[in-house]
Structures are given as C-alpha cells and as structure tokens.
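Novice: coordinates only, no sequence provided:
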C-alpha cells in the first residue's frame, strides 16, 4: 500500500506564474487535507476535501488559492499569480473515512523567484 | 480557538539518555492527539496517535500520554539514539465538524553520540 504521494517534490516558479501541486491519497482514503509550512512556522491547515466536495476551506487565502479533489485523479492545490510569500512546503494528508489518523506525504517545496 | 504549544523548542542530549517532550493544548475538545517526526526537508512520519478516550500509547522506545483535563501530552523517548535526531511535532485533532489538525511548532531534538 503506497503512502500519500505528492508531486512534484520541488517546484520553482517565477512571480506571476501558476503553481499546481498534486496529491494522491493512500488507497482507500477518501479524505484529503492540505497544510502549509512556512519557514520557521508550524504547519497550518488550509483545506479539507472529500471526493468532489470542499468540506472546510477556512485556512485558504481568499484570493489566488483553490483546491479540488475530483472523482477521478489526484487532489490539486492551485496557486495563481504566485508571489514570494507563497514560498513554503505544502503537505497533503489523507485519512480513511472511519478513522481520523492522518498520514502525510513528503511535501512539495515551492520556491518563488 | 485551539492553540498547541511545544516546550522546549530545542533539546540536545547525549546518546542513551531518556527524555520527555511536552505538548500543551488550550481546548480539551479534541478527537485525538498525534505525534509526528519530521526530518529536515522531509515529510511527516506518524509516531503515535492517542484517542481522546485513551491515556497513553506505546510503540517500541516511544510512549505518549494524554491528559485532556489539563490539556497536556508528553512523548517519552527511552534510551535515545543519534537516529532519533529530528523535529517532533504534536497535533490536536479538533472536534466540531472539520477534521483539521492544529500543530505545535515542534521540538528539535539532537542526540549526540
């Protein structure tokens, strides 16, 4: 059973470009969460999704950020018009429906230049 | 609003020493508390999960306790080894609809050979 898979592991974008981060949950897991870790900061919740539904996006910045978890395929975190302050490690986690233990991926490290 | 604090922020010990990492949370309405390990530039590895109805969990040289009434959890590491060097994070899973983890900033542990 493969773990939570995130790609790419490292992503470099110029200011103003779009960043797309992908997350494939563990097999059998239908809950996906995105967290962001800024330098010298703790991990902060961004969004919680189930298949085709956003359950809680209270941690998402109001502009430029969006997330989806389609019926088929991975969950996508999209950041439009990136700025230097978006540079961070973005982690995806998944959990099965009846269990609240979260398993994390290796993260995507976004650098905006 | 749930806040999670970890003390100390950093800890350096000689190999073989037993040690305790502390975690406190402000709101006792949690589903569980989870301890993670994070190596530099890597993802999070789940170490132990304590359900809100439990008092402790053990895995090998690790023992985690939970006291909901006082808002505290501890991670005990026995006979520490250089390979235990990493940042240890605790996270509380909030009740109330959204299954989001609230993280502390971590304790950076260095075990010296």
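Specialist: Thanks, I have it. What you are looking at is a predicted structure, and each value in this text was computed from that prediction instead of being measured. Numbers count the residues shown, from 1 in each chain, chains lettered A, B, ... in the order given.

Novice: residue ranges in chain B under the pLDDT threshold?
Specialist: B:97 (pLDDT under 70).

Novice: how about the helices in it?
Specialist: For chain B, applying DSSP state H gives no helices.

Novice: tell me the centre residue of chain A?
Specialist: residue A:34 (3.8 Å; CA atoms, centre = their mean).

Novice: name the nearest residue to it, sequence neighbours excluded.
Specialist: Distances taken as CB to CB, 6 or more residues apart in numbering or on different chains place residue A:46 nearest to residue A:34, at 4.4 Å, with adjacent residues excluded. For every residue, glycine as well, the C-beta is placed using N, CA and C.

Novice: hmm, who's touching stretch A:25-33?
Specialist: Here stretch A:25-33 makes contact (CB atoms under 8 Å, 6 or more residues apart in numbering or on different chains) with A:1-4, A:23, A:45-51, A:69, A:75, A:92-97, A:102-103, B:99-101.

Novice: endpoints of that stretch, how far apart?
Specialist: Here the two ends of stretch A:25-33 are set 10 Å apart, with distance taken as CA to CA, to the nearest Å.

Novice: check which residues of that stretch are buried.
Specialist: The neighbour-count check on stretch A:25-33 (16 or more other CB atoms under 10 Å in any protein chain shown) flags A:25-26, A:29, A:31-33 as buried.

Novice: same deal with stretch A:10-28?
Specialist: Within stretch A:10-28, the residues that count as buried by 16+ other CB under 10 Å are A:11, A:13, A:19, A:21-26.

Novice: for stretch A:82-94, same thing?
Specialist: For stretch A:82-94, by 16+ other CB under 10 Å, it's A:82, A:86-94.

Novice: check stretch B:35-53 too.
Specialist: By 16+ other CB under 10 Å, the buried positions in stretch B:35-53 come out as B:35-38, B:43-44, B:47-50.

Novice: show me the contacts for residue A:11.
Specialist: By CB under 8 Å, 6+ apart, the residues touching residue A:11 are A:19, A:21, A:108-111.

Novice: where does the residue nearest to it when sequence neighbours are not counted land in three-state SS?
Specialist: Spatial nearest neighbour of residue A:11, chain neighbours left out: residue A:110 (5.0 Å); criterion: CB to CB, 6+ apart. Three-state call for residue A:110 (DSSP: H, G, I helix; E, B strand; the rest coil): strand.

Novice: which residues of chain B fall in strands?
Specialist: B:4-7, B:10-14, B:19-25, B:30-38, B:44-51, B:56-59, B:62-67, B:72-77, B:86-94, B:101-103, B:107-112 (DSSP state E).

Novice: can you tell me which residues in chain B are near chain A?
Specialist: B:4, B:31-32, B:34, B:36, B:41-46, B:49, B:89, B:91, B:93, B:97-106 (CB under 8 Å from any CB of the partner chain).

Novice: can you name the residues bridging to residue B:58?
Specialist: Applying DSSP bridges to residue B:58 yields these beta-bridge partners: residue B:63.

Novice: how many residues are close by it?
Specialist: The number of residues packed near residue B:58 is 11, by other CB atoms under 10 Å in any protein chain shown.
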